[in-house]
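Asks: sequence-free structure coming up:
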Ligand SMILES: Nc1nc2c(ncn2[C@@H]2O[C@H](COP(=O)(O)OP(=O)(O)OP(=O)(O)O)[C@@H](O)[C@H]2O)c(=O)[nH]1
Ligand SMILES: [Mg+2]
């Protein structure tokens, strides 16, 4: 008999959820950045063992919604929690458990699913502080095993995975055993471009940018031609994204092209077109088309 199921990854922005998914899956499924609210969509990372299949559901960080974009992100978190077989709550060991963590813990209790707590980023702490962070999880009042881990180094991750797998229901595999993600190709490539934008921007700009693939063409000679639109909300944001003499958009483009080449195993030509679209975060049509929500 095999085991298979969905495990929702909940936690505050920046806790390291996407880093952990990539670590467990063993590939780049979700983009990562040091800016909060990097993840905007539900992204499934799949890992298959001899007689089990774990589908990790990477989610946006739980937060207080402030516009239709973040409302959709939060609604997705709630829906995904309801649809999952178990929940992995990820905490950042460097920070004290706060109201955000208690809010998530309450949501997890309410759905009544088996839960596990991962205390992440312990590579940044000494033993005493790690022990304190583990002890603090008791405040969350969740019936859950607690695992100290580092998604970055992989420390503690195999033990966590073994336990999570033991919580999966019996059943047939949900995806082909070689699958790593179910993200549509266009979204996956757009995310790789957005990741490079996030690396190079600060403050409000990371939140104001979205990327959409306009055109994806496989040439006969093997070249993959990708044209992407980079949306900003204002002219001044566009100015920053283009940069003096086009330096910023060139830097984003060449780094993203390398990432796409690595992800697809092809030679890539990437064209970026920076555009202003006022209020895209409130544009339901665009958000639908981008698969957010
Ligand atoms: N030192 C250290 N840094 C980590 C670890 N895990 C993640 N990070 C860093 O934490 C930051 C946030 O990581 P993400 O994986 O994007 O966090 P997330 O929880 O998916 O964030 P959102 O998508 O915004 O909710 C990045 O800079 C990561 O490199 C870890 O175990 N140790
Ligand atoms: Mg994320």
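Replies: Cool, the structure landed. Keep in mind that this is a model prediction, so the values were computed, not measured. Numbers count the residues shown, from 1 in each chain. Ligands and ions are numbered 1, 2, ... in the order given.
Asks: who touches the helix or strand hosting residue 273?
Replies: For residue 273, the element it lies in under DSSP states H and E is strand 268-276. Defining contact as CB atoms under 8 Å, 6 or more residues apart in numbering, one finds that strand 268-276 is touched by 193, 214, 223-235, 237-238, 241-242, 249, 252-253, 256-257, 260-261. Bear in mind the C-beta positions are built from the backbone N, C-alpha and C, glycine included.
Asks: List only buried entries from those residues.
Replies: 193, 224, 226, 228-233, 237-238, 241-242, 249, 252-253, 256-257, 260 (16 or more other CB atoms under 10 Å).
Asks: Please list the residues of the chain that sit near ligand 1.
Replies: Selection of the chain residues close to ligand 1 by CB under 6 Å from any ligand atom yields 11, 13-19, 32-34, 36-39, 60-61, 120-121, 123-124, 150-152.
Asks: Pull out the buried residues from those.
Replies: 11, 13-19, 32-33, 37-39, 60-61, 120-121, 123, 150-152.
Asks: Of the residues you listed, which are in range of ligand 2?
Replies: Residues of those in contact with ligand 2 (CB under 5 Å from the ion): 17-18, 38-39.
Asks: wait, isn't residue 170 in contact with residue 51?
Replies: No: between residue 170 and residue 51 there is no contact under CB atoms under 8 Å: 10.0 Å.
Asks: shared neighbours, the two?
Replies: With CB under 8 Å, 6+ apart as the test, residue 170 and residue 51 both reach 1-3.
Asks: And the helices in the chain?
Replies: Counting by DSSP state H, the chain has these helices, from start to end: 17-25, 68-83, 99-111, 127-136, 157-166, 185-200, 205-208, 235-242, 247-264, 284-289.
Asks: Redo those helices as JSON lines? Include distance to residue 92 and mean pLDDT.
Replies: Below are the helices of the chain laid out as JSON lines (distance: least, CB to CB, whole Å; pLDDT from 0 to 100):
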{"stretch": "helix 17-25", "distance to residue 92": "10", "mean pLDDT": "98"}
{"stretch": "helix 68-83", "distance to residue 92": "17", "mean pLDDT": "95"}
{"stretch": "helix 99-111", "distance to residue 92": "9", "mean pLDDT": "92"}
{"stretch": "helix 127-136", "distance to residue 92": "9", "mean pLDDT": "96"}
{"stretch": "helix 157-166", "distance to residue 92": "15", "mean pLDDT": "98"}
{"stretch": "helix 185-200", "distance to residue 92": "18", "mean pLDDT": "97"}
{"stretch": "helix 205-208", "distance to residue 92": "18", "mean pLDDT": "96"}
{"stretch": "helix 235-242", "distance to residue 92": "29", "mean pLDDT": "98"}
{"stretch": "helix 247-264", "distance to residue 92": "26", "mean pLDDT": "98"}
{"stretch": "helix 284-289", "distance to residue 92": "28", "mean pLDDT": "93"}
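Asks: Among these, show me which one is buried the most.
Replies: Most buried of the helices of the chain by mean neighbour count (mean count of other CB atoms under 10 Å) is helix 17-25; its value is a mean of 24.
Asks: List the contacts of it.
Replies: If you take CB under 8 Å, 6+ apart as the criterion, helix 17-25 is touched by 9-11, 28-32, 38-39, 43, 45-47, 54, 56, 58-59, 61, 90, 118, 120, 149, 151-152, 154, 157, 161, 180-181.
Asks: one more time with 6 Å
Replies: By CB atoms under 6 Å, 6 or more residues apart in numbering, the surrounding residues in contact with helix 17-25 are 9, 11, 28-30, 32, 39, 45, 47, 56, 58, 90, 151, 154, 157, 161, 180.
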